[in-house]
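**Student:** Pasting a predicted model and its sequence here:
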Amino acid sequence: MKVTRRNVMAGALAVPAIAAIGDAAWAQSPRLVGVFDAQLPAGQRFASLLRDAGQGARTVEGDRIRLAREILASRPPMLAGVTRSADALLFAEVAAEDGYEMTLELRGNRQGCSGFTCNPDWNPLSRQIVGAGADWLGAFAGFVANPSAPEPIAGRVGDAATALAWLLMRRA
């Protein structure tokens, strides 16, 4: 990989976010979980990007509460999603019962996104993703696919519909 100023900055911005994961949580389960709404173009693209990076993604369908409990039963250190707001809220509520906290929310469409960071440790990552402009989904998926060495992926979405990208972290 060619070392560029952009790559160095991306790595430096990710360091506080990775530190927030906690060594114990990371060592217990390196597996990441992504969920997506198949009816949203951004959700479909997110799933495609994760699969291309060798990670799995689950479709949000049926009983959302049961699905969230099933996914969280394996105690992944992170749970990321690209869904509608209502689904994100349901996942966050179930996750809070299991010791997770919402760390990052991004509302985006084909023009870009705006970030709402729920935990100040994640501000650098939020700024990096928002700064990616129309490639916000690729920046988010790049982090989810490999948080220790995030590599932005071309992830433009060609739809004006707004999707919510979110990140839940297990408290250490």
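**Tutor:** Sure, I can see it. Note that the structure is a prediction, hence the values are computed from the model and not measured. Residues are numbered from 1 along each chain as shown.

**Student:** Dig out what the closest residue to residue 95 other than its chain neighbours forms beta bridges with.
**Tutor:** Excluding its sequence neighbours, the residue lying closest to residue 95 (CB to CB, 6 or more residues apart in numbering) is residue 168, at 4.8 Å. For every residue, glycine as well, the C-beta is placed using N, CA and C. As for beta bridges, residue 168 partners with residue 79, residue 102 under DSSP bridges.

**Student:** residues in contact with residue 168?
**Tutor:** Counting by CB atoms under 8 Å, 6 or more residues apart in numbering, residue 168 makes contact with 78, 79, 80, 91, 92, 95, 100, 101, 102, 103.

**Student:** redo that, cut-off 7 Å
**Tutor:** Residues in contact with residue 168 (CB atoms under 7 Å, 6 or more residues apart in numbering) are 78, 79, 91, 92, 95, 100, 101, 102, 103.

**Student:** which one among those residues gets closest to residue 63?
**Tutor:** residue 91 (12.3 Å; CB to CB).

**Student:** Report the secondary structure element holding that closest one.
**Tutor:** helix 85-97 (DSSP states H and E).

**Student:** and after the lowest-mean-pLDDT helix or strand in the chain, which helix or strand comes next?
**Tutor:** Ranked by mean pLDDT, DSSP states H and E, the helix or strand of the chain with the weakest confidence is helix 23-28, at a mean of 41. Proceeding N to C from helix 23-28, the next assigned helix or strand is strand 33-36, under DSSP H and E.
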